[in-house]
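**Q** only geometry, no sequence info:
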């Protein structure tokens with residue numbers, strides 16, 4: 001038989017008739033089960049089927065199945081048609097491919113991978129080049145594990161610092177977020193791995209994230225919450241976009257025609273795949289029409305709904321074929337490169353450290369840093385031995401190795417006097433820890449105090465209740481200062497915290513969540529081995545002046561109202577003239593930079609930066625644009641460009657930041673398109689949003705003369721005082737009625753349970769079944785928190801309490817009929833529901849329910 005194959009292969013590939021003499025008795029023996037046809041067509045005949053041939057041979061059922069996952073992480077495959085299955089994996093800052101049972105919550109261990117700095121830290125580096133290298137390494141590791149698509153990066157806007165998933169997102173500013181994401185994408189896709197940017201769009205809270213409706217005006221949506229995605233799509237060219245769980249202005253993101261078909265595909269020209277977040281599809285037929293392609297994970301009834309809708313004439317097959325074509329494009333693009341090649345673990349660890357070095361932000365320094373040779377230091381704080389280096393949830397990575405500050409101290413020139421725990425990591429007060437820390441600190445020249453938020457305080461699935469640091473950590477700091485100690489705070493957390501209690505610190509180093517090499521990067525900075533060059537990618541506010549969305553975050557019931565409009569982060573604090581702890585774009589250096597010689601023309605702005613200090617170092621120059629006499633409401637200034645440059649001491653260089661199509665535009669709700677307001681603009685060259693070094697002016701011709709707003713109707717938006725916008729002004733801004741925000745009770749505390757009701761909502765169900773189920777879950781969460789099992793409690797909140805009924809059904813592998821049976825039980829028809837749940841389903845001729 002082998003000789004027959006050899007003889008067959010000698011026949012010219014164009015002579016298919018001669019080859020057929022050999023094939024009938026060879027291939028069925030070698031490739032049983034229908035694979036002979038695949039082998040013949042793809043390899044021996046010397047050709048693959050055309051896309052048209054594949055589509056013509058696929059049944060509606062096969063097409064529908066291709067648009068829903070085969071299982072938790074992979075797509076359907078049809079070998080007889082030459083369509084392989086492809087594999088997805090979490091991976092915003094490191095690959096999370098699980099070796100055993102799969103889940104989306106980060107519960108089960110994953111294969112070791114490099115844990116790079118999270119997005120919050122990478123954005124603090126303001127270096128597109130290093131972000132692209134990080135992405136390239138992610139792509140290499142994905143290929144080594146046979147992963148075709150990495151689910152990341154995430155670039156939701158940090159509307160409020162309390163969002164539990166902010167560590168996984170870049171910035172409060174869409175321009176910075178978009179640029180960093182585009183760099184990631186370019187890197188990931190260099191070797192044939194696809195990048196899937198997420199979560200599209202306006203997914204800015206974890207509370208009720210799967211069902212809440214993000215309500216905002218069109219200008220806010222376009223300028224703040226979509227611009228980052230636009231940049232990532234146009235400049236990074238990702239193969240895929242993940243739709244968000246939430247609704248946006250009344251329609252679920254995965255079936256939002258305005259978002260997906262009109263803006264993403266229409267305005268931006270995106271022709272890649274749109275994939276749902278896991279169990280994020282509300283209606284598979286509607287999402288197919290809107291242009292969403294793949295529902296994940298595998299769902300028993302998603303494909304059934306498509307087949308039924310096509311058969312009944314409710315779904316035109318052209319929409320199905322469009323989706324199938326895009327999925328086939330993705331499969332083709334991600335199965336070309338070499339897979340399974342081992343990656344260089346040490347090289348990737350070194351890259352993780354290089355990235356972390358650039359991401360550390362020096363927030364304060366009274367001259368104690370860098371620590372000089374032979375200085376005696378005391379090490380205080382649990383985080384020195386057990387670093388907090390990544391977030392929690394679906395992005396959690398099993399690192400290939402892990403640097404720890406206390407262990408790495410031996411590699412540096414200062415003298416370590418000892419270590420004291422100082423406080424309990426999870427908040428309990430223990431006087432003996434505090435006393436021991438003070439006694440140790442008194443014997444040293446400087447105390448390095450390692451503080452941070454623990455793993456359960458900021459995590460996917462739940463938002464933080466406030467921005468406070470744990471009280472026992474603050475008490476330790478105050479005791480050290482009261483004893484006259486010089487204290488350097490090293491802070492590990494994934495978003496901003498209040499630091500009003502630390503204003504008398506001798507130095508503050510923000511480590512962020514620096515990945516597996518983050519601890520070593522911190523030591524590089526405090527020792528002077530590396531000159532810090534990180535700058536904040538979000539504003540750090542004060543307790544006296546919280547962010548603009550404080551009164552509206554999170555949305556608790558049906559909606560989340562974005563009443564603050566455009567005024568997110570520094571845009572609000574500058575417009576409303578509110579004080580901040582540390583401004584957007586802020587970060588200190590051990591050297592000093594001077595700016596001079598600004599000039600501008602139609603193409604951009606140029607200026608000179610000189611390093612006039614005593615150390616080599618890098619500076620991030622930031623370009624902001626504002627318009628002082630604007631007739632429309634707008635922020636004082638907005639980031640429109642940046643450049644990171646490295647200069648040896650005494651060196652200088654000319655920096656040019658070009659203008660682009662986003663530099664002067666605004667979205668006009670009257671013309672429903674991007675416009676330029678004519679007149680004079682101010683160009684601000686800054687070291688941070690609050691540190692203006694140079695200014696220039698440029699005049700631009702306008703594209704529209706009339707103003708779309710009546711100032712008298714929305715005075716809060718012209719003044720920036722948007723903390724408590726009343727209904728009349730928000731309605732005027734929306735240009736429509738404000739959607740109902742509360743639950744729709746048919747009588748006091750009773751509501752009809754639907755597939756989009758969450759487990760938390762079941763406490764309002766008609767009969768005891770739903771109320772009991774909800775009560776048990778809420779009791780379990782409270783109990784787990786009470787006995788210190790916060791990780792389990794958080795998992796129950798994320799995976800069960802805020803899960804809608806349809807999510808329970810999809811993750812549980814239920815059919816639509818079984819899900820509807822649950823609804824019967826929750827709505828008071830217990831026995832009818834049980835009977836339907838247990839009854840056998842009718843099976844159609846293709847073997848599907």
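**A** Here it is on my side, so go on. The model shown is predicted, which means the values in this text are computed figures rather than measured ones. Numbers count the residues shown, from 1 in each chain.

**Q** all contacts plus neighbour counts: C-alpha atoms, from now on.
**A** OK.

**Q** check contacts around residue 594.
**A** Residue 594 makes contact with 609, 610, 611, 612 under the criterion C-alpha atoms under 8 Å, 6 or more residues apart in numbering.

**Q** Now with 6 Å, please.
**A** Residue 594 is in contact with 609, 610, counting by C-alpha atoms under 6 Å, 6 or more residues apart in numbering.

**Q** got it, and residue 763?
**A** Residues in contact with residue 763, defined by C-alpha under 6 Å, 6+ apart, are 771, 774.

**Q** Look at it and tell me its secondary structure.
**A** Here residue 763 is recorded as helix under DSSP: H, G, I helix; E, B strand; the rest coil.

**Q** what ranges do the strands span in the stretch 351-500 of the chain?
**A** Applying DSSP state E, counting those that start in this stretch to the stretch 351-500 of the chain gives strands spanning 361-365, 376-380, 415-420, 446-452, 487-492.

**Q** what's next to the third one, contact-wise?
**A** Outside strand 415-420, the residues within contact range by C-alpha under 6 Å, 6+ apart are 374, 375, 376, 377, 378, 379, 380, 437.

**Q** With adjacent residues omitted, what lies nearest to the second one?
**A** Looking back up the chat, that one is residue 375. Spatially, and ignoring its direct neighbours in sequence, residue 375 is nearest to residue 414 (5.0 Å; C-alpha to C-alpha, 6 or more residues apart in numbering).

**Q** Confirm for me that the one you found is in contact with residue 378.
**A** No - with contact defined as C-alpha atoms under 6 Å, residue 414 does not reach residue 378; the gap is 10.3 Å.

**Q** These two: which is more packed in?
**A** Higher neighbour count among residue 414 and residue 378: residue 378, with 25 against 16, using other C-alpha atoms under 10 Å.

**Q** My guess is that one contacts residue 441. True?
**A** Yes - counting by C-alpha under 6 Å, residue 378 does reach residue 441; the two are 5.5 Å apart.

**Q** Residue 571 is nearest to which of the strands of the stretch 351-500 of the chain?
**A** Evaluated with C-alpha to C-alpha, those place strand 361-365 nearest to residue 571, the distance being 20.7 Å.

**Q** measure residue 607 to residue 735 for me?
**A** Applying C-alpha to C-alpha, to the nearest Å, the value for residue 607 to residue 735 is 43 Å.

**Q** which one of those two has more residues nearby?
**A** Taking other C-alpha under 10 Å, residue 607 and residue 735 do not tie; residue 607 has more neighbours (18 against 12).

**Q** what's the closest non-adjacent residue to the more buried one?
**A** Using C-alpha to C-alpha, 6+ apart, the nearest residue to residue 607 is residue 598, at 4.3 Å.

**Q** Confirm the one you found sits in a strand?
**A** Yes - looking at residue 598 with three-state DSSP, it is inside a strand.

**Q** hang on, the earlier thing: list the residues that contact both of residue 378 and residue 441?
**A** In contact with both residue 378 and residue 441: residue 447, using C-alpha under 6 Å, 6+ apart.

**Q** Can you name the element that comes right after the helix or strand where residue 179 lies?
**A** Element membership for residue 179 (DSSP states H and E) is helix 174-188. Following helix 174-188 in sequence order, the next helix or strand is strand 194-200 (DSSP H and E).

**Q** Please point out which parts of whichever helix or strand comes after that following strand sit buried.
**A** As assigned by DSSP H and E, the chain's next helix or strand after strand 194-200 is strand 213-215. Neighbour-count burial for strand 213-215, counted by 16 or more other C-alpha atoms under 10 Å, picks out 213, 214, 215.

**Q** The last one reaches residue 249, doesn't it?
**A** By that I understand residue 215. Yes - with contact defined as C-alpha under 6 Å, residue 215 counts as touching residue 249 (4.9 Å).

**Q** Could you tell me whether residue 94 really is in a helix?
**A** No - counting by three-state DSSP, residue 94 falls outside a helix, being coil.

**Q** Give me the neighbour count for the residue nearest to it when sequence neighbours are not counted.
**A** Nearest non-adjacent residue to residue 94, counting by C-alpha to C-alpha, 6+ apart: residue 115, 4.9 Å away. Residues near residue 115, counting by other C-alpha under 10 Å, number 31.

**Q** And residue 477, by the same measure?
**A** Residues lying near residue 477 (other C-alpha under 10 Å) number 26.

**Q** Helices of the stretch 351-500 of the chain, start to end?
**A** Under the criterion DSSP state H, counting those that start in this stretch, helices of the stretch 351-500 of the chain are mapped to 405-408, 431-441, 471-482.

**Q** Give me the average confidence score over the second one.
**A** If I follow you right, that is helix 431-441. Helix 431-441 shows a mean pLDDT of 93.

**Q** Which residue, other than its chain neighbours, is closest to the residue nearest the centre of the chain?
**A** Most central in the chain under C-alpha atoms, centre = their mean is residue 154, positioned 2.3 Å from the mean C-alpha point. Using C-alpha to C-alpha, 6+ apart and skipping residues adjacent in sequence, the residue nearest residue 154 is residue 198, 4.7 Å away.

**Q** The one you found reaches residue 242, doesn't it?
**A** Yes - between residue 198 and residue 242 a contact is recorded at 4.8 Å, counting by C-alpha under 6 Å.

**Q** so where do the helices sit in the stretch 101-250 of the chain?
**A** 119-125, 128-144, 174-188, 218-220, 227-231.

**Q** buried residues in the second one?
**A** If you call a residue buried by 16+ other C-alpha under 10 Å, then helix 128-144 has these buried ones: 128, 130-143.

**Q** How about the first one?
**A** Using 16+ other C-alpha under 10 Å as the burial criterion, the residues of helix 119-125 that qualify are 119, 120, 121, 122, 123, 124, 125.

**Q** what sits up against stretch 215-235?
**A** With contact meaning C-alpha under 6 Å, 6+ apart, stretch 215-235 is reached by 174-175, 177-178, 181-182, 202, 249, 561-562, 565-566, 667, 734.

**Q** before we move on, what about stretch 136-152?
**A** By C-alpha under 6 Å, 6+ apart, the surrounding residues in contact with stretch 136-152 are 86-92, 187-188, 193-197, 334, 339-342.

**Q** Off-centre distance for that stretch?
**A** Centroid displacement of stretch 136-152 relative to its chain, using C-alpha atoms, centre = their mean, to the nearest Å, is 17 Å.

**Q** Next: stretch 242-249.
**A** 13 Å.

**Q** Confirm that residue 642 sits in a helix.
**A** No - in this structure, residue 642 is strand, not part of a helix, as judged by three-state DSSP.

**Q** Pull up the gap between it and residue 361, please.
**A** 17 Å.

**Q** Tell me which of the two has more neighbours.
**A** Per other C-alpha under 10 Å, whichever of residue 642 and residue 361 has more neighbours is residue 361, with 27 against 23.

**Q** Any idea how many residues pack against the residue nearest to that one when sequence neighbours are not counted?
**A** Nearest in space to residue 361, with sequence neighbours left out and distances taken as C-alpha to C-alpha, 6+ apart, is residue 534 at 4.5 Å. Residue 534: 31 surrounding residues under other C-alpha under 10 Å.

**Q** so residue 534 sits right up against residue 125, yeah?
**A** Yes - counting by C-alpha under 6 Å, residue 534 touches residue 125, with 4.8 Å between them.

**Q** which residues in the stretch 601-750 of the chain form helices?
**A** 715-719, 727-734.

**Q** next structured bit after the longest one?
**A** Meaning helix 727-734. Sequence-wise, the next helix or strand downstream of helix 727-734 (DSSP H and E) is helix 768-786.

**Q** same for that following helix, what does it pack against?
**A** Applying 3 or more C-alpha pairs under 6 Å, 6 or more residues apart in numbering; DSSP states H and E, we find helix 768-786 packed against helix 790-796.

**Q** Give me the contacts around the helix or strand following the helix it packs on.
**A** Following helix 790-796 in sequence order, the next helix or strand is helix 805-811 (DSSP H and E). The contact list for helix 805-811, computed with C-alpha under 6 Å, 6+ apart, reads 279, 299, 755, 819.
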